[in-house]
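[1] Structure, please.
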Amino acid sequence: MDDVDTLASSLAHVSRDLLAQSSAQATLNKIVEHTVELIDGCDDCGLLLMRAGGVESPAQTSDRVRKSDQAQAELGEGPCFDAAREGTTYRVDDMAAEDRWPRYAPRARELGIASMMGFQLFTSEDTLGALNLYSNRANAFTERSRQVGWIFASHAAMALSTARMGEQLETTVETRRDIGEAMGIVTEQYRTTHEDAFGLLQKSAQDYAITVREAARIVTRTGELPRRD
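    I've put the predicted structure just below:
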């Protein structure tokens, strides 16, 4: 089996494994694990994700990756944040000679980071964040590392997007079930129509500054609309 066939087989296995995960967080954990296994020169890996107008670090293979992300957040600069926010792909061949991030580079060297490479994670509908690779030695990442990383980042983005959609769908189904059950209780308890029952749920949610689903859960638990004691 030649190199191309080996790579294709590895990517197919990894893609199946990512899609088999039971949650978005499990998918994130597998993405960073497989990155280290798959890409030449990679000793550690971390993910930065775009959430609520900012970035978060939900998965990493070591504590130094977490510390690196913290340093970039504190300093307001760094390659990982540029990749996540601006959609850039980067490669740092030698952190000792790096001048693009003058405050972050010394912190990275203190953590034993000699070279880095990163890719934006995105789908056609959404920008998700960045996949960031770390090495203990300078010039660790080759052109092949970059090509494989770019391909894998595409697979990872699709797997993560699919996992998120699945969780959102599950939440939607559970919400509709909770509200439907509560409406049945309100209809019987207050001798009202189905439509008016939903109106009562909405008003209770507004009065108590909670979601309709939370109001519905109170109804199913107590048999009554939310009220102050």
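[2] Every contact and neighbour count from this point should use C-alpha atoms.
    Fine.
[3] For residue 211, give me its contacts.
    The contact partners of residue 211, by C-alpha atoms under 8 Å, 6 or more residues apart in numbering, come to residue 205.
[4] Return the alpha-carbon coordinates of stretch 47-57 using CSV.
    The C-alpha trace of stretch 47-57 is given here as CSV (Å, rounded to 0.1, in the frame of the first residue of the first chain):
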residue,chain,number,x,y,z
LEU,A,47,-8.9,23.5,19.8
LEU,A,48,-10.2,27.0,20.0
LEU,A,49,-13.9,27.4,19.2
MET,A,50,-15.9,30.5,18.4
ARG,A,51,-18.8,30.9,20.9
ALA,A,52,-20.9,33.8,21.9
GLY,A,53,-18.7,36.3,20.1
GLY,A,54,-15.5,35.0,21.7
VAL,A,55,-13.2,32.0,21.8
GLU,A,56,-13.0,29.1,24.2
SER,A,57,-10.6,26.2,24.6
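[5] Okay, buried residues for it please.
    47-50, 55-57 (16 or more other C-alpha atoms under 10 Å).
[6] Please apply the same query to stretch 206-216.
    Buried, per 16+ other C-alpha under 10 Å, within stretch 206-216: 212-216.
[7] what is the mean pLDDT for it?
    With pLDDT averaged residue by residue, stretch 206-216 scores 78.
[8] can you check stretch 82-97 too?
    Mean predicted lDDT for stretch 82-97 stands at 88.
[9] Which residues outside that stretch are in contact with it?
    Contact with stretch 82-97 is made by 48-50, 55, 79, 98, 105-106, 108-109, 113-121, 128-130, 138-141, as judged by C-alpha under 8 Å, 6+ apart.
[10] Can you give me the distance of the residue lying farthest from the centre of the chain to residue 63?
    Computed with C-alpha atoms, centre = their mean, the residue of the chain farthest from its C-alpha average is residue 191, at 45.6 Å. Counting by C-alpha to C-alpha, to the nearest Å, the gap from residue 191 to residue 63 is 59 Å.
[11] same question, residue 204
    With C-alpha to C-alpha as the criterion, residue 204 and residue 63 are 46 Å apart.
[12] Which of the two has more residues huddled nearby?
    residue 204 (20 against 12; other C-alpha atoms under 10 Å).
[13] nearest residue to residue 66 other than its sequence neighbours?
    Spatially, and ignoring its direct neighbours in sequence, residue 66 is nearest to residue 60 (6.7 Å; C-alpha to C-alpha, 6 or more residues apart in numbering).
[14] Would you agree the one you found is in contact with residue 32?
    Yes. If you go by C-alpha atoms under 8 Å, residue 60 and residue 32 touch, sitting 6.2 Å apart.
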